[in-house]
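Student: could you work out the structure for the sequence below:
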Amino acid sequence: MAAPAATGASPAPLAGGALALTAFALALGTFMQVLDGTIANVSLPTIAGNLGVSSDNSTWVVTAFAVANGVAVPLTGWLMGRFGVVRTFCASVILFTIASFLCGIAWDLPSLIAFRVLQGAVSGPMIPGSQALLIAIFPPDKRSTALGIWSMTTLVAPIMGPILGGYISDNYHWSWIFLINVPFGLFCGFVSWRGLKTRETPTRKLPIDQVGLILLVVWVGALQIVLDLGKNDDWFASERIVVATVIAAIGFVAWLIWELTDANPAVNLSLFKSRNFAIGTLAFCLGYAVFFANTLLLPLWLQAQMGYTATWAGLVAAPSGVVAVLLTPFVAKMSGRIDARILATVAFASFGLSYYLRSGYTTYASFQDLMLPLLVQGIAMSTFFLAMLTISLDRIPPERLPSASGISNFARITAGSFAASLITTAWDRREALHQSRLSEAVGSGMPLTMARDALARMGLTDTQAAGAVTRQMVGQAYLLASTDLFRLSAWLCLALVVIVWFTRRASAPSGPVAAD
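Tutor: Numbering: from 1, shown residues only. Down below sits the predicted model:
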């Protein structure tokens with residue numbers, strides 16, 4: 001994106017009601033896009049039953065969105081340089097709204113998958129665009145406030161997704177998980193265009209890197225197929241997973257070589273020459289991957305083994321979102337005076353403590369017991385995004401900010417996809433390991449005899465008693481698998497504290513660079 005010829009050409013930051021309304025609309029754009037990445041997950045059984053397809057086939061509803069979005073996000077820098085940040089963002093929001101409506105009226109699975117591909121593709125610029133525009137409309141000394149607003153919506157949305165998706169699936173037709181976007185999308189697009197159309201960024205005609213774009217589509221599409229379908233296909237026991245993995249690996253290497261040597265790359269990888277951007281993005285992605293994996297694991301365990309509905313499983317995590325929303329404004333106000341690495345340390349330490357407390361869960365845990373570690377997570381959520389964005393975007397020139405934001409968000413989304421696949425696979429395999437050990441311990445001898453005798457005195461037959469014992473073993477095996485992964489997550493967060501301190505201290509935003 002071409003930079004303004006002079007600092008004076010940069011429009012003044014917004015103020016008062018105009019700033020508040022426009023910031024809300026931009027944050028809403030981020031919220032809708034992130035929400036749509038998770039809201040459909042808990043509704044897949046309902047969608048499959050309503051459309052008359054198997055649960056395995058319904059996973060393409062999630063895969064289609066992830067693949068298309070994964071390809072579109074890295075292209076944000078090129079799109080905004082060619083058409084302008086405001087035009088690209090507003091067009092993305094309106095097209096996303098139209099695609100959401102089409103998903104809501106889909107008549108069968110193929111049509112829903114096609115509309116989800118469209119929805120994922122057109123929503124690529126929404127997150128980076130809202131981030132760049134929020135920074136632009138706030139005064140230089142309020143940049144941390146802008147990042148705080150953006151991070152608040154980005155962290156709360158994944159928690160709200162399962163809650164809202166579960167509630168809609170339990171009480172209404174599944175189509176409303178998409179149709180609910182329509183009024184909010186229209187509001188977001190209208191307010192953003194009205195408030196920002198006179199603040200369009202300079203544009204220039206940029207050549208299309210056709211080879212880089214094709215290679216990007218190939219390797220990202222293949223990778224997302226591996227991550228989303230690998231578990232159901234038993235990973236490398238499936239021929240299509242092996243083929244997709246080979247395509248992803250070869251395509252990535254070819255794309256990397258091409259982008260590093262092309263004069264006008266579709267994705268500008270030279271940003272990784274900045275130490276803070278490279279290490280900050282790495283820590284950002286790993287931290288988000290751990291967070292996303294645990295956001296997925298807890299509701300999964302609660303629904304599969306604890307008898308919680310999708311709605312109540314989501315409500316367990318709701319307090320963390322409330323704490324994050326309440327604390328983020330205060331953290332944003334303090335962030336200009338505190339080293340971002342200290343805030344990142346607080347975030348990872350709080351995440352680690354939350355996961356460690358979860359490793360003490362039992363099958364008799366009450367709602368309050370389950371909820372308390374999530375309150376600690378809320379502290380981490382209020383500082384995590386703000387700190388990592390401050391570090392990774394440190395000293396990035398304003399004209400390269402959309403590209404940096406696009407790459408950072410692409411890496412974060414991909415890390416989340418990896419985490420979702422790995423955590424569910426690891427959960428099942430750890431459960432199988434623990435169940436085999438428990439079976440060896442109680443499968444013969446006194447423990448099993450005592451249990452059967454106790455159940456027989458309660459009126460159960462031998463078959464019923466054996467079934468009850470087996471059910472208890474399975475429940476305990478899944479509990480042990482969950483606590484193992486919670487404990488591992490805690491240690492990973494402590495390791496990320498060390499990685500953060502390899503970055504240099506981020507400079508305080510000041511002057512025209514921050515304003516841009």
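Student: any weak-confidence spans in the stretch 401-516 of the chain?
Tutor: 441-469, 508-516 (pLDDT under 70).
Student: show me the helices in the stretch 401-516 of the chain, by range?
Tutor: Assigned by DSSP state H, counting those that start in this stretch, the stretch 401-516 of the chain shows helices spanning 401-442, 446-457, 462-500, 511-515.
Student: of the ones you listed, flag the one that's most buried.
Tutor: helix 401-442 (a mean of 20; mean count of other C-beta atoms under 10 Å). Using the backbone N, CA and C atoms, a C-beta is placed for each residue, glycine as well.
Student: quick one: list the elements packing against it.
Tutor: Helices and strands touching helix 401-442, by 3 or more C-beta pairs under 8 Å, 6 or more residues apart in numbering; DSSP states H and E, are helix 60-72, helix 76-83, helix 126-137, helix 210-229, helix 275-305, helix 367-392, helix 446-457, helix 462-500.
Student: could you list the buried residues of the shortest one?
Tutor: Spelled out, it's helix 76-83. 76, 77, 78, 79, 80, 81, 82, 83 (16 or more other C-beta atoms under 10 Å).
Student: ok, those residues vs residue 484, which is closest?
Tutor: residue 76 (38.0 Å; C-beta to C-beta).
Student: that closest one is in contact with residue 401, isn't it?
Tutor: No - the pair residue 76 / residue 401 is not scored as a contact, 10.4 Å apart, by C-beta atoms under 8 Å.
Student: ok, the buried residues of helix 76-83 vs residue 424, which is closest?
Tutor: residue 76 (29.2 Å).
Student: apart from its neighbours in sequence, what residue is nearest the closest one?
Tutor: Of all residues not flanking residue 76 in the chain, residue 406 sits nearest, at 3.3 Å (C-beta to C-beta, 6 or more residues apart in numbering).
Student: cool, residue 265 as well?
Tutor: Using C-beta to C-beta, 6+ apart, the nearest residue to residue 265 is residue 259, at 4.2 Å.
Student: could you do residue 390 as well?
Tutor: residue 340 is the one closest to residue 390 (C-beta to C-beta, 6+ apart), at 4.1 Å.
Student: what number of residues lie near the one you found?
Tutor: Counted with other C-beta atoms under 10 Å, the neighbours of residue 340 add up to 27.
Student: give the contact list for it.
Tutor: 386, 387, 390, 391, 394, 505, 506 (C-beta atoms under 8 Å, 6 or more residues apart in numbering).
Student: one more time with 10 Å, if that's ok
Tutor: 144, 276, 280, 383, 386-392, 394, 500, 503, 505-508 (C-beta atoms under 10 Å, 6 or more residues apart in numbering).
Student: same thing with residue 266?
Tutor: 74-75, 77-79, 206-216, 255, 258-259.
Student: make it 8 Å
Tutor: 74, 75, 78, 208, 209, 212, 213, 216, 259.
Student: number of nearby residues for residue 71?
Tutor: Residue 71 has 22 nearby residues by other C-beta under 10 Å.
Student: might one say that it is in contact with residue 122?
Tutor: No - if you go by C-beta under 8 Å, residue 71 and residue 122 don't touch, sitting 11.6 Å apart.
Student: chain center to stretch 297-311, what's the gap?
Tutor: Here stretch 297-311 is found 20 Å from its chain centre; the criterion is C-alpha atoms, centre = their mean, to the nearest Å.
Student: next one: stretch 493-501
Tutor: With C-alpha atoms, centre = their mean, you get 20 Å for stretch 493-501.
Student: any idea how many residues pack against the residue nearest to residue 265?
Tutor: Neighbour tally, residue 259, other C-beta under 10 Å: 20.
Student: surely it touches residue 270?
Tutor: No - using C-beta under 8 Å, residue 259 is not in contact with residue 270, being 9.3 Å away.
Student: can you redo the helices of the stretch 401-516 of the chain as CSV with distance to residue 333?
Tutor: Output for these, formatted as CSV (distance: least, C-beta to C-beta, whole Å):
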stretch, distance to residue 333
helix 401-442, 23
helix 446-457, 58
helix 462-500, 21
helix 511-515, 16
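Student: how about those helices, which one is nearest residue 21?
Tutor: Nearest of these (C-beta to C-beta): helix 511-515, 19.8 Å.
Student: identify the residues contacting residue 175.
Tutor: 103, 104, 105, 106.
Student: again, 6 Å this time
Tutor: Taking C-beta atoms under 6 Å, 6 or more residues apart in numbering, we find residue 175 in contact with residue 104.
Student: got phi/psi on it?
Tutor: Backbone dihedrals for residue 175, given as degrees, to the nearest 10, come out at phi -60, psi -20.
Student: what pLDDT does it get?
Tutor: On the pLDDT scale, residue 175 is placed at 87.
Student: please report how far residue 339 lies from residue 233.
Tutor: Residue 339 is 46 Å from residue 233, where distance means C-beta to C-beta, to the nearest Å.
Student: ok, now which ones touch the closest residue to residue 66 other than its chain neighbours?
Tutor: What sits nearest to residue 66 in space, not counting adjacent residues and going by C-beta to C-beta, 6+ apart, is residue 224, at 5.0 Å. Taking C-beta under 6 Å, 6+ apart, we find residue 224 in contact with 66, 67, 70.
Student: recalculate using a threshold of 7 Å.
Tutor: 63, 66, 67, 70, 417 (C-beta atoms under 7 Å, 6 or more residues apart in numbering).
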